[in-house]
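Q: The sequence and its predicted three-dimensional model are supplied below.
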Amino acid sequence: MTGGTIRVLIVDDQMMVREGFSVLLNAMPDIEVVGEAVDGREAVAQVAALRPDVVLMDIRMPVLNGLEATREIVAADADAKVLVLTTFDLDEYVYQALRAGASGFLLKDASARQLADGVRVVAAGEALLAPSVTKRLISEFSKLSDTGRPVERPTVGELTERETEVLVLIAHGLSNAEIADRLVIAESTIKTHVSRILVKLGLRDRTQAAVFAYEARLVTPS
C-alpha cells in the first residue's frame, strides 16, 4: 500500500458494475481505484502494470474467466490479493477460485460499507471474509470430491498436534483472537502457529488453509 492507501483494480465485463464499485470505493479516504479491466486477460496485464493491493475479480467473463485469471495473477504476483465477486454465495466457480488462490469472496449486492470493509480485510491479510458464509461455501463444495471429479486428499505432513488444532479452528472461521480464547493461549502465539502452518503446508493464506483442512478431512461438511 502507498501511504496507507489501498490500491484496487476492478475486473468485471459489465460497465455499470465497474463504474458503481469505482464510485463507492473512491469515496473512501483510504481506498483508491487505480484501474479497471473488462476480462481476465486484461486483468492479468493490469495487475502487472499497476501492482494493485486488491483485485476485485468477477468470475464469468469473456476471453479469460476470473478463475483462470486468478490462477495467473496469484502465480505471478504473491502480493496481489484477489477478492472474488459473485452473484450467488454458493457458486462452484467461487470454490474453485478459492482453491486457485483467491483470498475471499464478496456478493455483488453488498453494501458500500461491506464492499469497503471487504477490501480492507483482504488487504490486511485477513483472508476469510464473511467467515460464516465462506465456511458454508467451502463445506458445500468439498462434497464434490465424494461425487464428482476425484480430488487428491492432502496430508498434514509435519504439523504438530497444536498446529493441527489451530488449522481446524481456522477452517471453522475463527479469528486469531477467538482461537487464542478457545485454546487459552496468547494471540501472539496463535499468529506464530498460523505462520508455521502456512510455511509447512506451502499455503498462501488463511483461506487456503481452510480449504486444505476441508480437503484433508480435518473438518467435515455439516
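A: Here it is on my side, so go on. Residues are numbered from 1 along each chain as shown.

Q: Just the pLDDT at the closest residue to V219 other than its chain neighbours, thanks.
A: The shortest distance from V219 to any non-neighbouring residue, by CB to CB, 6 or more residues apart in numbering, is to A171 (4.4 Å). Heads up, the C-betas are built off the backbone N, CA and C, glycines and all. pLDDT recorded at A171 is 82.

Q: so A171 sits right up against A209, yeah?
A: Yes - between A171 and A209 there is a contact under CB atoms under 8 Å: 7.2 Å.

Q: ok now do V219, which residues does it touch?
A: Contacts for V219 were tallied using CB atoms under 8 Å, 6 or more residues apart in numbering; they are 139, 168, 171-172, 213.

Q: D39: neighbour count?
A: By other CB atoms under 10 Å, 18 other residues sit near D39.

Q: how much space between it and A76?
A: 17 Å (CB to CB, to the nearest Å).

Q: quick check: longest helix of the protein.
A: Looking across the chain with DSSP state H, the single longest helix is helix 187-201.

Q: Counting by contacts, list what whichever helix or strand comes after that one packs against.
A: With elements assigned by DSSP states H and E, the helix or strand that comes after helix 187-201 is helix 206-215. Applying 3 or more CB pairs under 8 Å, 6 or more residues apart in numbering; DSSP states H and E, one finds that helix 206-215 contacts helix 92-100, helix 131-142, helix 161-171, helix 187-201.
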